[in-house]
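Student: Build me a model:
(one chain, ligands or ions: 2)
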Amino acid sequence: MSNASNVPISNVPTLDLVLSLQSELGLRLHSKVVSCYTLAEQYYLKSFPRPALLINLRGLSAGVAELQKNRLRFNAVLLQENERAFLNEVVPHEVAHLLAWQLYGRSIRPHGVEWQQIMQQVFQLTPTRTHAFDVKRAAKLGYKYTCHCKGKEHALTLKRHNLIKGGRQYICLACKRHLYFLKVDSHLIN
Ligand SMILES: [Zn+2]
Ligand SMILES: [Zn+2]
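Tutor: Ligands and ions are numbered 1, 2, ... in the order given. Next up, the predicted model:
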């Protein structure tokens, strides 16, 4: 028996902090944005300028609509952790901000009646200001580890963090190296 076999090792999927739009998940995000615009154009019978997309947001926010830049930024970690809810709720939520800006300009409140109406009538969704999984899911993943992959960070739960402190080791699926502790994101766990 080799020494290594005495160490329980489990795999942790890698979470990318920045996702390429050319990745499979990036392409699914992009096509969801496109289908939101298709719905809006059928509803309003006019065309809207397509926004630039980035999947590079960090922290607790799932998405941000940058109105003047006509740009949407999404959170790569939350997208990977909650794909279905993310595509079905966060994407229309942020697209509705851009549509409201295009339709009504700067005089409206961000989550006011105009935005709510787009959510309900165009996307058939209940207009809620925040994404239910934001804090709940992200809060569990406040323990940041790193490996040998460039630009990758592994977000672990407190439970896993404590297992590591107790001697368990995890390896990255991509580089096959042990994870080592980086920092506690106090922003996420408090
Ligand atoms: Zn919003
Ligand atoms: Zn790695």
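Student: The protein - how does it break down into domains?
Tutor: For the chain, automatic domain parsing gives the domain ranges 24-129, 140-189.
Student: between the ones you listed, which gets nearest to ligand 2?
Tutor: With Cβ to the ion, the closest approach to ligand 2 among the domains of the chain belongs to domain 140-189: 3.0 Å. All C-beta spots, glycine's among them, are computed from the backbone N, C-alpha and C.
Student: Need the winner for burial among the domains of the chain.
Tutor: Mean neighbour count (mean count of other Cβ atoms under 10 Å) peaks for domain 24-129 among those, with a mean of 17.
Student: mind checking the end-to-end distance for that domain?
Tutor: Its first and final residues considered, domain 24-129 spans 28 Å by Cα to Cα, to the nearest Å.
Student: Centre of the chain to that domain, how far?
Tutor: Its chain's C-alpha centre lies 13 Å from the corresponding centre of domain 24-129 when counted by Cα atoms, centre = their mean, to the nearest Å.
Student: quick one: residue 60 is in a helix?
Tutor: No. If the criterion is DSSP: H, G, I helix; E, B strand; the rest coil, then residue 60 is coil and not within a helix.
Student: rewinding a little: just so I know, which of the domains of the chain lies nearest residue 18?
Tutor: Closest to residue 18 of the domains of the chain, according to Cβ to Cβ: domain 24-129, at 4.6 Å.
Student: circling back to that earlier point, CSV please, covering the domains of the chain and showing distance to residue 18 and mean pLDDT.
Tutor: Listed next are the domains of the chain as CSV, based on distance: least, Cβ to Cβ, whole Å; pLDDT from 0 to 100:
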stretch, distance to residue 18, mean pLDDT
domain 24-129, 5, 93
domain 140-189, 7, 83
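Student: can you pull out the helices in this protein?
Tutor: Ranges of helices in the chain, per DSSP state H, are 24-44, 76-81, 83-85, 91-104, 113-117, 133-139, 158-165, 186-189.
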